[in-house]
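1. Just the structure for this:
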Amino acid sequence: MRIAISTGGGDAPGLNAVIRAVVLSAVHRGWECVGIRRGFGSLLGEGELLPLGPHEVRGITHLGGTILGTSNRGNPLKWRMQRPDGSWEERDRTQELLDSFRANRLDALVAIGGEGTLGIVLALWKKGLPVVGVPKTIDNDVGGTVATFGFDTAVATATDAIDKMHSTAESHERVMVVEVMGRHAGFIALNSGIAGSADVILIPEIPFDINKVCDKIRRREAEGRHFSIVVVAEGAAPKGGTVSLVDPSHERLGGIGDKVAHSIEQMTGKETRALVLGHLQRGGSPTTFDRLLALRFGAAAVRLIAERQFGMMVALQPPRIVTLPLEEALAMPRRVPLDSDTIATARDLGVSFGD
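-> Sure, this is the predicted structure:
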């Protein structure tokens, strides 16, 4: 067998651990591995395939990022190409990709990615590409799996930042608004907010009323607590409003932290500062949990290939790693359950969700 590995979409701590597990599990079976650079780039004329053996993956488990590079704008179904006049057009290059896959004598693909990448490989599988999916996203929003690698590390990073905000917020008697990632799902905001003792947590699943947010801050002020910590997911939106975009042409989210901070300062008179953690959450070494999960996912993906179970995705359903069809996983994206004990815990602790 000759296996190709690709990493698509945003990077996440643990990607290199998956690559290492796939390569070593394949080599132990006498198989060969190659890496596709920058998503699907190497199959579409952007550089060469990278041979991967034990030497190439030695000592990479603890490294953040991906040794293969990645891209979140490399969809072969809608490949952006520049015309001679400088304008751009989208082309369907799936047949080119399939031809290149066969020309390179590849037998299977391990595609590591989030909803976007997994949606692409599902379409490619339906066109005949033998593929196994590995779910990756710090947002933890892929269906069918309790957790994706990268999420635990992102939460740890966000919690550490919130911890540091407490001392400066209390010293200056300010309100500090911390914006974290979470386009459609508020898992990072919810988990880091609770762990970091935030007073207000705003998530995409619960549209917020800024008046309720300010009421919470005023109550703390009346109780002699002259500072507050607000954690907001980038995809949070006010009741009757829409998400905040910094680049509408690409639907790139951002700016909700500044908007919330401005409203709080205007409505309460409290000096308010905003901090956007941004891509800091994607970086750094993966936590122990993420390393182990990534290694388990990688090894399980090779087992699926050995069983010729293509069009499937590996997933964590504790205590086991299970498999399910890609189509099934993508049909039920994960969102924060509003009846979860985590939400109930936050409310019991006095956290406001602005509702």
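2. Quick one: list the elements packing against the least confident helix or strand in the chain by mean pLDDT.
-> None of the helices or strands of the chain scores lower by mean pLDDT, DSSP states H and E than strand 245-247, at a mean of 75. Judged by 3 or more CB pairs under 8 Å, 6 or more residues apart in numbering; DSSP states H and E, the packing partners of strand 245-247 are strand 252-253. Any C-beta I mention is one placed from the backbone N, CA and C, and that applies to glycine too.
3. Provide the contact partners of the strand it packs on at residue level.
-> 183, 234-235, 243-246 (CB atoms under 8 Å, 6 or more residues apart in numbering).
4. For the protein, which segments count as helices?
-> Listed in chain order, the helices of the chain (DSSP state H) span residues 15-27, 94-103, 115-126, 151-172, 187-195, 210-222, 256-268, 288-306, 326-331, 341-348.
5. buried set for the fourth one?
-> By neighbour count on 16 or more other CB atoms under 10 Å, the buried set for helix 151-172 is 151-159, 161-162, 165, 169.
6. Same question for stretch 308-319.
-> Applying 16+ other CB under 10 Å to stretch 308-319 flags 310-316 as buried.
7. ends of it, how far apart?
-> Distance between the two ends of stretch 308-319: 24 Å, counting by CA to CA, to the nearest Å.
8. from here on, count from 322
-> Taking 322 as the first residue, the last one we looked at is stretch 629-640.
9. Mind checking the pLDDT average for that stretch?
-> Regarding stretch 629-640, the rounded mean pLDDT is 96.
10. for that stretch, the distance to its chain's centre please.
-> 18 Å (CA atoms, centre = their mean, to the nearest Å).
11. Okay, now the unreliable bits of the stretch 522-671 of the chain?
-> 569-571 (pLDDT under 70).
12. Recalculate using a threshold of 80.
-> When residues are selected by pLDDT under 80, those of the stretch 522-671 of the chain lie in 566-573, 575.
13. Let's see the distance spanning stretch 489-505 from one end to the other.
-> Stretch 489-505: ends 30 Å apart by CA to CA.
14. and it, which residues are buried?
-> 490, 495-505.
15. Tabulate those (a markdown table), appending pLDDT and distance to residue 380.
-> Formatted as a markdown table, these follow (pLDDT from 0 to 100; distance: CB to CB, whole Å):
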| residue | pLDDT | distance to residue 380 |
| --- | --- | --- |
| 490 | 92 | 40 |
| 495 | 93 | 43 |
| 496 | 95 | 44 |
| 497 | 96 | 38 |
| 498 | 96 | 39 |
| 499 | 96 | 34 |
| 500 | 96 | 34 |
| 501 | 96 | 30 |
| 502 | 94 | 28 |
| 503 | 93 | 32 |
| 504 | 89 | 33 |
| 505 | 91 | 35 |
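16. Show me which of those residues is closest to residue 374.
-> Closest to residue 374 out of those is residue 502 (34.2 Å), distances taken as CB to CB.
17. for the closest one, what are its contacts?
-> So residue 502 contacts 459-460, 475, 509, 554-555, 598-599, 602-603 (CB under 8 Å, 6+ apart).
18. Break this structure into its domains for me.
-> The chain is divided into the following domains under automatic domain parsing: 323-470+607-639, 475-603+659-669.
19. Low-confidence regions, the stretch 372-521 of the chain specifically.
-> 393-395, 402-403, 407-409.
20. and if we set it to 70?
-> In the stretch 372-521 of the chain, no residues with pLDDT under 70.
21. Could you give the number of residues near the nearest residue to residue 630 once chain neighbours are set aside?
-> Nearest non-adjacent residue to residue 630, counting by CB to CB, 6 or more residues apart in numbering: residue 644, 6.5 Å away. Neighbour count of residue 644, defined by other CB atoms under 10 Å: 18.
22. Run a quick check on residue 644 versus residue 631, I expect a contact.
-> No. Taking contacts as CB atoms under 8 Å, residue 644 lies outside contact range of residue 631: 10.9 Å.
23. Pull up the overlap in contacts between these two.
-> Taking CB under 8 Å, 6+ apart as the criterion, residue 644 and residue 631 both touch residue 625.
24. From residue 495, how far off is residue 547?
-> Per CB to CB, to the nearest Å, residue 547 is found 9 Å from residue 495.
25. Then residue 652?
-> For residue 652, the distance to residue 495 - CB to CB - is 44 Å.
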